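Colleague: Following is a predicted model, sequence given first.
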Amino acid sequence: MTTPNAFRDTRITLNHGSGHIPAVGFGTLIPDPLATRQATKAALEVGFRHLDAAERYRNEAAVGDAIQDAFKAGMVRREELFVTTKLWNTNHRPERVRPAFDASRQRLQLDDIDCYLIHTPFAFQPGDEQDPRDERGQVIYDRGVTLAETWQAMERLVDDGHCKAIGLSDITLEKLREIVAVARIKPAVVQVEAHPYLPEWELLEYCRQNGIVLLAFAALGHAMKPNLLEDAVIADIARRVHKTPAQVALAWAVQRGTAFLTTSTNPQRIQANFDITTLPEDAMQEMRDRITTNVRFNSVVRTGVPGFIPATR
């Protein structure tokens, strides 16, 4: 029987790699490096044991500093911490994958990465410019590499050590099927936008069938309109269970078998997002049956350009 606070410690088995991924994760898409370091340290103090980073966020060094702060303070040991980071679109060519991975390790100040994801299935023109554009402002894509070739380079990272598990992000079910069909090492994790307004039930079922963990980003809708935290069904359940709408949405994510990421720079909100408990089964069914709004907030799956990251350098 699940105890009320078990969600804080819930871990989901991986099909390869570090064994288990904490279901409750803290995302580090925070523009300011100092705020990143402070928020990441606050998350570790509260009890978060999964940190999600990315080369594209341009703040891996600040995340690494926060991790080292926590190690030195005796707050957490390395073996208790699960760290995810991501390969950016400009590094899809196989010869660029390992250097990009090693650079992330160096910035994060870690010997090993628990999970390394291909940030999006879209390859951009290789180079140091993360957002390459032509004279018309259009993204310059790299037609000289396939996603399967990038995936093979990711598999070699696992073979060589230091990378424990690999996966994909911002991917459609169709593209995921293509990689699973050719993969020697199948994806352990798929990170996609998912929340009560975008439950991704078909993708979730496919992941279950293939032993892949679905990791939800924008689990609270990223405060965009329509605001799912103002949804009448969620608000009513929150009142009944004496939790906030955010806590209801996050508990829903874990209870249906996914992991999630949530981001905040507010210590009280970080604490609240960790303080989630089991929902009654009738509430889970009510959310599935009565929430009819369906919206994707991030267009990254169509373009490879994350909608939550400023386009400017």
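Modeller: Ah, there it is.
Colleague: For the helix or strand hosting Ala100, list every residue counted as buried.
Modeller: Ala100 belongs to helix 94-108 when assigned by DSSP states H and E. Buried residues in helix 94-108, counting neighbours by 16 or more other Cβ atoms under 10 Å, are found at Arg96, Val97, Arg98, Ala100, Phe101, Ser104, Arg105, Arg107, Leu108. For glycine as for every other residue, the C-beta is placed from the backbone atoms N, C-alpha and C.
Colleague: now do stretch 18-32
Modeller: Result for stretch 18-32 [16+ other Cβ under 10 Å]: buried residues Ser18, Ile21, Pro22, Ala23, Val24, Gly25, Phe26, Gly27, Thr28, Leu29, Ile30.
Colleague: in this structure, which spans are helices?
Modeller: 33-46, 60-72, 94-108, 147-160, 173-182, 201-209, 232-241, 245-255, 267-274, 281-290, 300-303 (DSSP state H).
Colleague: ranking the ones you listed by burial, who's on top?
Modeller: Ranked by mean neighbour count under mean count of other Cβ atoms under 10 Å, the helices of the chain are led by helix 245-255, which reaches a mean of 24.
Colleague: by how many degrees do that one and helix 267-274 diverge?
Modeller: Interaxial angle, helix 245-255 versus helix 267-274 (axes from the mean of the first three to the mean of the last three Cα atoms, to 10 degrees): 40 degrees.
Colleague: can you give me the mean pLDDT across helix 245-255?
Modeller: Helix 245-255 shows a mean pLDDT of 97.
Colleague: returning to that earlier point: least confident of the helices of the chain, on average?
Modeller: helix 300-303 (a mean of 91).
Colleague: Return the list of helices and strands in contact with that helix.
Modeller: strand 189-193 (3 or more Cβ pairs under 8 Å, 6 or more residues apart in numbering; DSSP states H and E).
Colleague: Could you spell out the sheet neighbours of the strand it packs on, each with its direction?
Modeller: strand 166-169 (parallel), strand 213-217 (parallel) (DSSP bridges).
Colleague: how about the CA coordinates for the first one, as CSV?
Modeller: Only the C-alpha atoms of strand 166-169 are listed here, as CSV (Å, rounded to 0.1, in the frame of the first residue of the first chain):
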residue,chain,number,x,y,z
ILE,A,166,20.4,7.5,-22.8
GLY,A,167,17.1,8.7,-24.1
LEU,A,168,15.2,11.3,-26.3
SER,A,169,13.4,14.5,-25.6
